[in-house]
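In: Task: produce atomic coordinates for the following.
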Amino acid sequence: MDRRRILMALAVAVPLALLASVLVYRQLSRAASSPGHIAPTKIVVAAAVLAPGTRLDAKDLRQIGWPAAGPMQGMFARPEDCVGRVLMSPLLENEPVLEGNLAPKDSSAGLPGMIPAGMRGLSVAVNDVVGVAGFVQPGTSVDVLATGGIEGQGSILTRTILEDIRVLAAGQKIQPDKDGTPQTVAVVTLLVTPDQANTLTLASTQGHIQLALRNFGDTKQVNTPPALLGDIFGVSMRLPLPRGNRPAPRVSANPTAPAPYQVEVIRGNKPEVSSIPQK
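Out: Numbers count the residues shown, from 1 in each chain. Got it, this is the predicted structure:
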């Protein structure tokens with residue numbers, strides 16, 4: 001009796017399960033074909049960690065699935081659209097390759113390919129102190145301070161002339177040490193505008209420059225006032241007025257007459273002293 005009941009239950013359950021499967025399949029098919037459904041797409045990502053200045057090859061790239069409802073501006077769907085382009089910024093493994101990461105087509109590899117259009121790469125001499133003990137490395141950001149004075153005005157000052165400037169290279173290295181180990185170099189190359197290049201060249205040749213290392217996320221412009229030597233040592237240093245603005249010399253209302261000349265004259269046997277006024 002129990003066996004008959006089990007067989008009857010199976011005879012009813014199996015068709016019901018098949019019917020349920022068919023209904024679920026139909027619902028999923030309808031959802032996939034409905035206008036509101038968006039199928040996933042593929043985008044191009046880095047196959048490994050890539051350094052700036054790298055000319056991309058097919059082995060450097062691969063595709064991964066990406067929600068079509070959340071596209072990113074400048075993304076690529078085909079690796080062949082990226083092959084031959086030069087990276088301007090580093091990429092991590094599986095990081096999407098975007099148009100903003102790449103130099104213009106036909107750009108040369110290495111440092112020139114990392115310089116955006118309209119910008120310049122300018123090298124300045126540094127030492128252990130100026131280069132912040134070797135921690136100024138490619139990819140970091142710095143402020144540039146200049147110390148000097150105007151000849152003949154008797155005052156020396158330091159002021160920040162450039163803020164949040166990206167370091168392109170330290171010596172001949174265009175990528176930082178992966179462990180963050182400081183590197184002592186004699187030259188660093190900074191990414192500047194043409195106007196900033198003029199300012200930096202003048203400051204480095206006519207005065208003394210110092211680099212100040214910034215936090216990666218700190219991009220705020222501070223615009224600090226200059227530091228005067230007199231203010232530091234508590235001495236008021238007044239700059240001389242230009243020649244055309246100098247006050248006229250003061251003239252006394254009652255000038256004192258110069259003392260007369262004393263002349264000794266001998267007449268006969270008697271010497272006499274006579275006073276002759278100065279003109």
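In: Quick one: distance of the top strand by length along the chain to the chain centre.
Out: For the chain, the strand with the greatest residue count under DSSP state E is strand 157-170. Its chain's C-alpha centre and that of strand 157-170 lie 7 Å apart, by CA atoms, centre = their mean, to the nearest Å.
In: In that strand, which residues are buried?
Out: Within strand 157-170, the residues scored as buried using 16 or more other CB atoms under 10 Å are 157-158, 160-163, 165-170. To be clear about C-beta, it is placed using only N, CA and C from the backbone, and glycine gets the same treatment.
In: and the closest residue to residue 201 other than its chain neighbours, what is it in contact with?
Out: Using CB to CB, 6 or more residues apart in numbering and skipping residues adjacent in sequence, the residue nearest residue 201 is residue 122, 7.1 Å away. By CB atoms under 8 Å, 6 or more residues apart in numbering, the contact set of residue 122 is 189-190, 192, 196-197, 200-201.
In: okay, these in JSON lines with neighbour count, distance to residue 68 and pLDDT next?
Out: Rendered in JSON lines, the data for these read as follows (neighbours: other CB atoms under 10 Å; distance: CB to CB, whole Å; pLDDT from 0 to 100):
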{"residue": "189", "neighbour count": "22", "distance to residue 68": "41", "pLDDT": "94"}
{"residue": "190", "neighbour count": "23", "distance to residue 68": "41", "pLDDT": "95"}
{"residue": "192", "neighbour count": "21", "distance to residue 68": "40", "pLDDT": "95"}
{"residue": "196", "neighbour count": "18", "distance to residue 68": "42", "pLDDT": "96"}
{"residue": "197", "neighbour count": "15", "distance to residue 68": "44", "pLDDT": "96"}
{"residue": "200", "neighbour count": "22", "distance to residue 68": "46", "pLDDT": "95"}
{"residue": "201", "neighbour count": "13", "distance to residue 68": "50", "pLDDT": "95"}
